[in-house]
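Q: One predicted model, sequence on top.
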Number of protein chains: 2
Amino acid sequence: MLHWLRHYRRAMLPGDISAGLVVAMMMIPQGMAYALVAGLPPVVGIYASIVPPVLYALFGTSTTQSVGPMAIISLMTASALAPLAPAGSSLYATLAAQLALITGAVLLLCGLLRIGFIANFFSRPVMSGFTIGSSIVIALGQLPALLGAKLPDVHLPSAMLGLGSLLLLLFARSRLAPLLRRLGLPATAADIGAKLAPMVVVLGSTALVPLLGLQALGVHTTGSVPTGLPILALDVSSSHWQALLQPALLIGFMVFLISMSGAQALALKRAEKLHSNRELVGLGAANLGSALTGGFPVTGSMSRSAVNFAAGANSQLASLITAALLALALVAPTGWLALMPLPTLAATIIVAVLGMLDTTTLRTAWRFDRLDAAALVATAGGVLALGVEAGVVIGVALSMGALIWRASRPHIAVLGRIPGTEHFRNIARHAAETAPGLLMLRVDAGLFFGNVDAVNERVEDELAAHPGTRDLVLVLSAVNEVDTTALFALNELNASLASRAIVLHLAEVKGPVMDRLKQSDLLARLNGQVFLSTAMAWDALANNKNA
Amino acid sequence: MLHWLRHYRRAMLPGDISAGLVVAMMMIPQGMAYALVAGLPPVVGIYASIVPPVLYALFGTSTTQSVGPMAIISLMTASALAPLAPAGSSLYATLAAQLALITGAVLLLCGLLRIGFIANFFSRPVMSGFTIGSSIVIALGQLPALLGAKLPDVHLPSAMLGLGSLLLLLFARSRLAPLLRRLGLPATAADIGAKLAPMVVVLGSTALVPLLGLQALGVHTTGSVPTGLPILALDVSSSHWQALLQPALLIGFMVFLISMSGAQALALKRAEKLHSNRELVGLGAANLGSALTGGFPVTGSMSRSAVNFAAGANSQLASLITAALLALALVAPTGWLALMPLPTLAATIIVAVLGMLDTTTLRTAWRFDRLDAAALVATAGGVLALGVEAGVVIGVALSMGALIWRASRPHIAVLGRIPGTEHFRNIARHAAETAPGLLMLRVDAGLFFGNVDAVNERVEDELAAHPGTRDLVLVLSAVNEVDTTALFALNELNASLASRAIVLHLAEVKGPVMDRLKQSDLLARLNGQVFLSTAMAWDALANNKNA
């Protein structure tokens, strides 16, 4: 806890201050926009950006992670609450905080149970597909706000403001940094300047609202934002806990995954080490904090953390400064916040999520492993067709499906001896000699429930191909584990072979696997022997020619 | 298709006839009892035992598998239909057939898509836990029928008949075979004779019903059984398809798993080979057949198939004979079937499922692998606490959870050279020399999304433990696969190490892995080299001492 504070050095302060400032400027429009995605009043997005990062700074392990509202988690929040209450109602806001509470409790519990390994249930292609699908859903969902009306209708003043903001932001994203560099700014400053474009565009369009009388023309704005800090309160009277549990589990899972994937990318750059179980605790505490201050589920945001990192953040002090600045903004007069036009906020959301439409993973997977590419496309399609919650389940199913599919095709080599040596190689690749009646198979995978059937099938195939086999040697040099299912399968194979007068031997059993097999009855029941090396098995069995 | 018929030999006929006869005698009480478990009229269990095995014989691959009603699948059917219609209603029967239709279609589709590997989603301990949990649920569910009333009430005549039948059947199960052997029967005949005890007990208690006037005393019987074969018809008018889809997916999965695990045990005994995709087609056709003849979901039954096998079945002709005999029983006068007392049928169910309460897997797993034992207990508990459908999901989750948990702890060895040799071994286990500035790590697992974080973490730990490292060699001799997630991780590790002036090398990359890496940009970006052997890496890098 507070590891970073104990090692704090004065030299880290300037970077933390500048990063804290930059992220605060980024956070005001982003927090408000992501609250809108979640179906909540914009100010809730700022509430959820104050206490959560402070609690994360206390319990988390990443030095530069910026915790707060995030587009995909907001989408999942909206999707969870939609069946339970109308967006904008006070019940909806209560349920959003309850959802954050359960999400936080689940994350905290997972951290205390030390099951951080659950992050490994998603492969990177599946995560990429999930992000792409969610981004498209979010962008499409913002079209009515951008255009001021549901398609095919368009509210012209809103649409002009929205599309204008969109063009400005798209320009800023691709052209502003080079432009600032040409104007003489250092590269980092130019990059960070470009990241502040949303704040500038939002401020500019907010100024236009009174200047052009846009409200009278029917352009919607955020509406009055209460001055003052959020109240420490949580309404636990309603009885929606059960309906919220399943979404909270899915949201907690994605909160953890999204935060970890961002934090890991940054940790690698600084050769820092993350502790997944403490990350769970940090994110759990952050969500509990969000719940207690009237917020909604939050997570570490990759894009915001990257800005934090680039703007010089050296420690979580940067996030504490951001939180303090946001709190200051709320106690200062907030009248101007009420005039923020929703079409512009919609434009900032669309540009932000378009930035998540990364096709690098898809292109790499397409060349490297078609199965992974297919899983990516299927996950994205699942999110689009069935929604973001189903998308999480589909993502896990596809990750596991790809894993089991690959496992069900273990590489198994028939071994022969390289003449005159003690080397044994795959007879399909090398000129290796075999001995009549002796069949040696090397299994190049741990033996577990996912491949025992495939191994059995291959053994039968090879026995059929080598009809005179008297001795079958399983060479386990590449077998790092044997689970209970595989233990039963080995016992059954031994019995089945015995009934056909074929003797089963093992060779090159690794130390940890042997230790484990000694706790079973396989070694006592085995018809054959356990050989230390393949060469010893060959010497003992290959000369048996006339047995 | 009909592989067994093309290779049929006359010598196989006597065995098939005797097995067909024995299984038919076993099937009448069992089919009726399992229809009751499913909440259906008893005769439906006989309907579901006629056409399904014929279709399985046409399309399936096991020679001795007996397809028909099965206790766990009946329980799942009841659980799926309970929310949709009252048991005993005609809507309920219609929905049962529709459920079989969707289950059959799903299985057929999976077979045509050749995704038989999905059977590998359940580990054996999880399957054992699922079976134990389901058996207990089924046995408890039969108590009211056994005792003639819901506890704490007891209907005395029913309870006496039920408990009497139960004691007789329990006696038959453990004592009858030895007794018959002592009376001079050959061992196999004695075993098979004991398996016919349910039929004898049911016939005896059916005879008691009119003799003692048990119906007048309030003992429930099966009620009138329509004479004649089932009608080829399927009512598709109702709109419950969507509600039935999810249960049908779970039932289809278990139909396949249960059938495969039974068929595999028998196939091993005869050194036969099963084709999982053709099994899916066979079971799919069987369920479609069940749907079209007013039945409900069916599967291959381990216990019945074992009797079929033991009674001498040599081919699927035995099942065809069973089906023909059952059809004959339905066209013969069926008045006597109406008098079968339900307490006795409940007793046959309880004894049958008690036979599935096998603790061998639990005891073996407890000694061999506690994680597997915990998964078994948790799955059984899940079925008992949350129901059989949740149990399937919990089983898959625990199988996958155990897999990912193990994967997230890959074995990684720091290698050193055995002095004077070209052998490189784990320095923790062998007296091996290392070279300053050179760190060699051997990863003993395929690199995939489930372990890339753990590998990264271990690399950072070892770099921290070896602060002067200039060259890091990943020895991939045990790496059989690299997926897209691991490819990205290797690229990121390479970049991260480069920024710290550490060069990343690879050694002993296996042929198939190298082929795949050549389709990526890793080899082009790699700061270091790819060495054919660890010894070559040592020779090139260990003498670099003063670099």
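A: Nice, I can see it. Residues are numbered from 1 along each chain as shown, chains lettered A, B, ... in the order given.
Q: For the rest of this, base every contact and every neighbour count on C-alpha atoms.
A: Noted.
Q: My reading is that A:Arg181 lies in a helix. Confirm?
A: Yes. Judged by DSSP: H, G, I helix; E, B strand; the rest coil, A:Arg181 forms part of a helix.
Q: Could I get the contacting residues of A:Gly60?
A: A:Met1, A:Arg278, A:Glu279, A:Leu280, A:Val281, A:Gly282, A:Leu283 (CA atoms under 8 Å, 6 or more residues apart in numbering or on different chains).
Q: Top of these by number of neighbours, please.
A: With neighbours defined as other CA atoms under 10 Å in any protein chain shown, the most crowded of these is A:Leu283; it has 35 neighbours.
Q: isn't that residue right next to A:Ile258, touching?
A: No. Contact status for A:Leu283 versus A:Ile258: not in contact, 11.0 Å apart, counting by CA atoms under 8 Å.
Q: what residues do those two have in common as contacts?
A: A:Thr299.
Q: Quick one: name the residues of the stretch 201-350 of chain A near chain B.
A: Counting by CA under 8 Å from any CA of the partner chain, the residues of the stretch 201-350 of chain A lying close to chain B are A:Leu268, A:Lys269, A:Ala271, A:Lys273.
Q: what's the farthest-apart pair in these?
A: The largest separation in those, counting by CA to CA, is between A:Lys269 and A:Lys273 at 10.6 Å.
Q: Can you verify my assumption that A:Gly391 contacts A:Val377?
A: No. Counting by CA under 8 Å, A:Gly391 stays clear of A:Val377, with 11.4 Å between them.
Q: okay, A:Gln242: pLDDT?
A: We have a pLDDT of 82 for A:Gln242.
Q: same deal with A:Ser399?
A: On pLDDT, A:Ser399 comes in at 87.
Q: pretty sure it contacts A:Phe121?
A: Yes. In this structure, A:Ser399 is within contact of A:Phe121 by CA under 8 Å, at 6.8 Å.
Q: okay, the two: which has more neighbours?
A: The neighbour count for A:Ser399 versus A:Phe121, taken as other CA under 10 Å, is higher for A:Ser399 (26 against 22).
Q: The helix or strand harbouring that one vs chain B: in contact?
A: Assigned by DSSP states H and E, A:Ser399 belongs to helix A:388-407. Yes. Residues of helix A:388-407 contacting chain B under CA under 8 Å from any CA: A:Met400, A:Gly401, A:Ile404, A:Trp405.
Q: and that helix, what does it pack onto?
A: helix A:71-81, helix A:124-147, helix A:241-270, helix A:370-386 (3 or more CA pairs under 8 Å, 6 or more residues apart in numbering or on different chains; DSSP states H and E).
Q: Helix or strand next in line after it, which one?
A: With DSSP H and E, the next secondary element past helix A:388-407 is strand A:412-417.
Q: Parallel or antiparallel, which strands does the very next helix or strand once past that following strand pair with?
A: Moving toward the C-terminus from strand A:412-417, the next helix or strand (DSSP H and E) is strand A:424-426. As defined by DSSP bridges, the strand partners of strand A:424-426 come to strand A:412-417 (antiparallel).
Q: So which bits of the partner strand are buried?
A: A:Ile412, A:Ala413, A:Val414, A:Leu415, A:Gly416, A:Arg417 (16 or more other CA atoms under 10 Å in any protein chain shown).
Q: for A:Ser224, phi and psi?
A: phi -60, psi 130 (degrees, to the nearest 10).
Q: Compute the distance between it and chain B, please.
A: According to CA to the nearest CA, to the nearest Å, A:Ser224 and chain B sit 45 Å apart.
Q: Give the burial count for that residue, as a bare number.
A: A count of nearby residues for A:Ser224, using other CA under 10 Å, gives 16.
Q: can you check A:Ser205 too?
A: 23.
Q: tell me which element it falls in.
A: Element membership for A:Ser205 (DSSP H and E) is helix A:197-212.
Q: what do you get for A:Leu472?
A: strand A:471-475.
Q: what's the angle between that strand and strand A:412-417?
A: Relative orientation of strand A:471-475 versus strand A:412-417 (axes from the mean of the first three to the mean of the last three CA atoms, to 10 degrees): 110 degrees.
Q: In space, what's closest to A:Leu166 - neighbours in sequence excluded?
A: A:Ala347 (4.9 Å; CA to CA, 6 or more residues apart in numbering or on different chains).
Q: Would you tell me what the next helix or strand after the helix or strand where that neighbour lies is?
A: In this assignment (DSSP H and E), A:Ala347 forms part of helix A:342-354. For helix A:342-354, the following helix or strand on the C-terminal side (DSSP H and E) is helix A:360-368.
Q: What lies in contact with stretch A:484-500?
A: A:447-449, A:452, A:456, A:503-504, A:522, A:525-527, B:123-125, B:268-269, B:271, B:364-365, B:368-369, B:372.
Q: ok, 7 Å please
A: With CA atoms under 7 Å, 6 or more residues apart in numbering or on different chains as the test, stretch A:484-500 has contacts from A:447-449, A:452, A:503-504, A:522, A:526-527, B:123-125, B:268-269, B:365, B:368-369, B:372.
Q: Enumerate every residue touching A:Cys110.
A: Residues near A:Cys110 by CA under 7 Å, 6+ apart: A:Gly116, A:Leu280.
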